[in-house]
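Asks: Sequence below, structure please.
(chains A and B)
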Number of protein chains: 2
Amino acid sequence: MNNMIVAALVGIVALGFAVSKALMIQKVDAGTPRMAEIAGYIHDGAMAFLIREYKTLAMFVGVLFVVLSLLINLPTAIAFLVGAILSAAAGFFGMQVATKANVRTAHAAQVGGMNKALSVAFSGGAVMGMSVVGLGLLGVSMIFYIYVGDNATVETMTTAASQIAGFGLGASSIALFGRVGGGIFTKAADVGADLVGKIEAGIPEDDPRNPAVIADNVGDNVGDVAGMGADLFESYVGSIIAAITLGIVTYGADVQMAEKAVVFPLLLAAAGILSAIIGTLFVRGDEGKDPQRSLDTGTAVSAVLVVIASYFLSNSLLGSSAPFFAIVTGLIVGLLIAKITEYYTSTAYSPVHGIARESQTGASTTIISGLAVGMASTALPIIVLAAGILIAFHFQGLYGIALAAVGMLSTAGMTIAVDAYGPIADNAGGIAEMCEMPKEVRKITDQLDAVGNTTAAIGKGFAIGSAALTALALFSSYIAAVELQTGKPLIILLTNPDVIAGLLIGGMLPFLFSAITMQAVGKAANSMIEEVRRQFRDIPGIMEGTTVPEYNRCVDISTAAALREMILPGLIAVIAPIVMGVFVGPEALGGMLAGALVCGVLMAIFMANAGGAWDNAKKYIEEGNYEGKGSDAHKAAVIGDTVGDPFKDTSGPSINILIKLMTIVALVFVPLFL
Amino acid sequence: MNNMIVAALVGIVALGFAVSKALMIQKVDAGTPRMAEIAGYIHDGAMAFLIREYKTLAMFVGVLFVVLSLLINLPTAIAFLVGAILSAAAGFFGMQVATKANVRTAHAAQVGGMNKALSVAFSGGAVMGMSVVGLGLLGVSMIFYIYVGDNATVETMTTAASQIAGFGLGASSIALFGRVGGGIFTKAADVGADLVGKIEAGIPEDDPRNPAVIADNVGDNVGDVAGMGADLFESYVGSIIAAITLGIVTYGADVQMAEKAVVFPLLLAAAGILSAIIGTLFVRGDEGKDPQRSLDTGTAVSAVLVVIASYFLSNSLLGSSAPFFAIVTGLIVGLLIAKITEYYTSTAYSPVHGIARESQTGASTTIISGLAVGMASTALPIIVLAAGILIAFHFQGLYGIALAAVGMLSTAGMTIAVDAYGPIADNAGGIAEMCEMPKEVRKITDQLDAVGNTTAAIGKGFAIGSAALTALALFSSYIAAVELQTGKPLIILLTNPDVIAGLLIGGMLPFLFSAITMQAVGKAANSMIEEVRRQFRDIPGIMEGTTVPEYNRCVDISTAAALREMILPGLIAVIAPIVMGVFVGPEALGGMLAGALVCGVLMAIFMANAGGAWDNAKKYIEEGNYEGKGSDAHKAAVIGDTVGDPFKDTSGPSINILIKLMTIVALVFVPLFL
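Replies: You can find the predicted model right below:
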């Protein structure tokens, strides 16, 4: 179990790295008082949202803690609490730094140019990335170490594995509420700012006279930094927990091998953290170097390093190359899904061109072709995923599927850094606009944002692929847990009508969930639209720039709406599996999880890619195609983009978490169903 | 086996009834020469499409016949051929009569008023309905009777049941191509007529100057009469075949009971036919009687009669009320799904009002709210369906699930009559418009069309519910077939990665299929738009009414596009299960069928209801809400309606067939997978 301590120490190293990056950012000059003021609004709004969100979630976490203590056991409840707190802590810390890095990126762009700005923005993202993986690995390895105690037998490890699922539940709960709440916040603010500010009042994007402008910039942080971080935190720990459980199941006959199988994913994650740290060192603001190449190099270095490390770990610890091949399978699946995603959503390829072309005949053809592209785009990723499942299983059984997921997520420190750096650059651009900084500053931040998007697409491919594999591994863990606790096999036959009923209802949940979250965005956006209209109407001097709009009212509205609307979908995800398991039985619940997995993955890909394709069809027209900006085709494309917003930024990403959360709820509550 | 003869005789009675109705329609006056001319265009266009479609399908059927003869066995191949031919024959005969009834309905409305017109239009629909159930029951019972021969043992019945699956395959193939081809034809013509004629040229609906007007009216017949008829023909025979197979499996230990279990669904269907015939007698054009009440009474009478008959049949033949309860469960499921569908898509309830309200803020909110309504509308039908499966299984096992489907479809003769009567009334309105008949004629046909819509909604609920139950019963038949032919159980465990891979790929197919069919509609519509524009531009005198447009060119274009675009989705549906079964195995294929079933049912409900809700949101605004016709809200709602067209009329209904066809392909090709 000493390897557990090694893993925990690497987690601490990641946190140390995050802190050092944070201190470095703190030292960078934040620019003029005006810049500090604007950045202060964003920072305060983001933190206010986060604190109110955490207060709401504290009640939920408190209730679930009591339920778990009473119905399951105290160690599971404590693991749950720690998981929730660490996920929240990662979000809190990452957000603190991201909302400081934005203004410093703007200032760095002004005084130091592109590469200096890249360095600051990427460091901000790296803080989020390293916080997530550091706290994730530290938490899982320490709890498992403590729960197993001095005497590592198959029994103590099995018990600890079932209890540590509570940690995953804590992480998943925060992730789901964070993604849904953040997604609603950011889209409500976005729509409010655009529809009333840009279209009705005719003022440009990021104009300080727009009452919703601060909420819009807060939204980027709340959705794309904190929400995304919580999402990947739970994928990360979920895949490790599934691998631990399945490792014990696979090697349970031999305690020494079982211990190694448990340690392996933790050490793999540790190797991934070190690889990611080394990777980030390659993302530097060297003058004369293309920032895209910096990011690509960093990502490639960390991936290559973790592949090499996993080969040696696999052979030295488990005495076989088979786990290594399972891991590589996972990485290839992630890369292929990313490439396919890029094909369907990038301005460079025919699907997006097709949507742009169809926009010439009006909004209805834009919508139909975008929906068709999104639906068609599910085919190849699903085939790749299915093949990956069969290959990973071929090499290392169910354990191999979990390892493929751990492998995909091992360099999450780097992936999240690239993901979180985009909104920081975006925010920097907003601040530059609001503070009337020179045009070059905005140009630099726009370029940085664009550079990040390509690399971030790879991260999205990994997020979808790893979510599916993690959910599948957790599903297998659920079955193993039922079998362990009843002592007989759980036979989930597709010929059992209970299973079919479960499959149908499970498949329906992603549809219902998407409907609820899309409607929530609509409702929240309407409140925002009314508030922005009210301020323009009732507060004199806004349009002349002599009165400052009531920014915080808009932030409040988005916050209140997000917190109100995230409750129902969150509760459905937690309660549905429990109800099914208790009232119909563990077989029906197995069917439900499988149904949710299949339809969830499909809906997530469909919605994310349709949204991405619409977004880029609009951009493609704005590049001057089909008569460019302001043409009828452009107007139609804007409608497509607006439909795509809740698709790709609220409903789609939330479903990834939904399927994992449902599975982990099933796993934790197994004792109730027997 | 004498009961088989009884069933076949009832089938012949239905055909006799259809012929008598057809002769009656033939005797009705067709009006002025101008009316006969216009109706002639429609009739010729519809028949030309059907003949060209059947020619294309003949190649497909021929190839598959040879494949089946060589790889499976000759009786299956012959059953396949007969199934395909009878389905085509029902479509051909129904269409012949429907395209004669339309003009006679218009004339009857002029000379005899509402009730006379109702009588003619409904008789036209009844011909289609009775042809479908008559040929379906006659075909299944005669082939089974011949294949079993004089010596009815469990073995001969089992063999005959596996061979008669070929009949279902023939029916399903024609249905899928018919639905997809018809759906593409009708929407391409619709969009072409509307977009260029109504919007660009500014001429009213059904104006004879519009080159696409005949194609549009042909489309109503091709899609809503022939396509719908083929769809229900295959549901009807599919459910009977599944019940026969599962009856033998359930009672196989006792040859006498097995024989009764085989005969039971056939006699139930026979009772349904007689009930439907009696029901149609209540739909009469009595002066002073509300036509809605006529249709409702007819539908209710046939439903009540079949329930009573099934009670006696159940007790006398199978010696238990349990099959009766399974049948009633099916009927209740169908009714509940119909009511839920009505709630989500009718102008009377809040979901449609919500879409109309959101239309005030533009097309993007119309689309988002419509998609959300469609997705949310899956929840209750799925819960009802899942409960129905559990209850039917509780009463009578897997056989009960098949019986529930047979029960739902037993009065299909009536359901189809009501469904097919709508497009006849719609066509009559078109003819009235083109022949400049008095305004009252159009008013009567519009009212008849509206009256039919409500009753038809019930039919749609039954179509979705029965498709799901039939697919599930066929799926169980597939498993039983594999077990019979290998002599060992087929264990489709959700823990088997092959099954999971199959589940994912099967789930993906309805998404891919929808994408292809939606894009096909787009492509076909674009060709039509160009042709209509060309005629307006190049043929002088069209707008002045001095030159007759080249109607047949538009019909040709829709026909060619429909035939070209139906090939790919059709082939995917047939080939995918064979590839999966041969290359990965029967377990993976089981997973694939389950995945397609779950995602298919969900996508079918989502798309049908979203499309219906958009359609009615537009109508609700046209009733004067939110500033009515011509307002910005109305423009947004029109965009929603256009998006909804391929949803509800092409992709959605085709998926119902897709899931059944895939399952029946698996059932027929079982010997290849072993």
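Asks: rest of the way, CA atoms for contacts and neighbours
Replies: Noted.
Asks: Surely residue A:54 is in contact with residue A:85?
Replies: No. At 9.5 Å, residue A:54 does not count as touching residue A:85 under the criterion of Cα atoms under 8 Å.
Asks: Local confidence estimate at residue A:143?
Replies: As predicted, residue A:143 sits at a pLDDT of 96.
Asks: so it touches residue A:80, yeah?
Replies: No. Between residue A:143 and residue A:80 there is no contact under Cα under 8 Å: 10.6 Å.
Asks: next structured bit after the longest helix seen in chain A?
Replies: Looking across chain A with DSSP state H, the single longest helix is helix A:439-486. Per DSSP states H and E, the first helix or strand lying C-terminal to helix A:439-486 is helix A:497-538.
Asks: how much does that next one deviate in direction from helix B:497-538?
Replies: 50 degrees (axes from the mean of the first three to the mean of the last three Cα atoms, to 10 degrees).
Asks: Now do helix A:497-538: which elements does it pack against?
Replies: Counting contacts by 3 or more Cα pairs under 8 Å, 6 or more residues apart in numbering or on different chains; DSSP states H and E, helix A:497-538 packs against helix A:154-192, helix A:551-565, helix A:567-583, helix A:586-622, helix A:652-668, helix B:363-376, helix B:379-409, helix B:586-622.
Asks: contacting residues around the following helix or strand past the last one?
Replies: Same thing as helix B:586-622. Where DSSP H and E defines the elements, the next helix or strand beyond helix B:586-622 is helix B:632-646. Contacts to helix B:632-646, defined as Cα atoms under 8 Å, 6 or more residues apart in numbering or on different chains, come from residues A:363-365, A:367-368, B:183, B:187, B:356-357, B:359-364, B:366-367, B:370, B:518, B:521, B:607, B:610-612, B:614-615, B:617-618, B:621-622, B:626-628, B:652.
Asks: Helix or strand: which one has whichever residue of the stretch 201-350 of chain A sits closest to chain B?
Replies: Residue of the stretch 201-350 of chain A nearest chain B, by Cα to the nearest Cα: residue A:246 (12.8 Å). Assessed by DSSP H and E, residue A:246 sits inside helix A:228-251.
Asks: which of the residues in the next helix or strand after that helix are buried?
Replies: Next along the chain after helix A:228-251, taking DSSP H and E as the criterion, comes helix A:255-281. Neighbour-count burial for helix A:255-281 flags A:255, A:257-280 (criterion: 16 or more other Cα atoms under 10 Å in any protein chain shown).
Asks: what's the answer for stretch A:54-74, then?
Replies: The neighbour-count check on stretch A:54-74 (16+ other Cα under 10 Å) flags A:54, A:57-58, A:61, A:64-65, A:68, A:72-74 as buried.
Asks: Secondary structure, distance to residue A:473 and pLDDT for those - can I get that in CSV?
Replies: Below are the buried residues of stretch A:54-74 laid out as CSV (DSSP: H, G, I helix; E, B strand; the rest coil; distance: Cα to Cα, whole Å; pLDDT from 0 to 100):
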residue, secondary structure, distance to residue A:473, pLDDT
A:54, helix, 29, 94
A:57, helix, 27, 94
A:58, helix, 29, 95
A:61, helix, 25, 96
A:64, helix, 24, 96
A:65, helix, 25, 97
A:68, helix, 23, 97
A:72, helix, 22, 95
A:73, coil, 23, 95
A:74, helix, 25, 97
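Asks: Now flag whichever of those is closest to residue B:481.
Replies: residue A:72 (43.8 Å; Cα to Cα).
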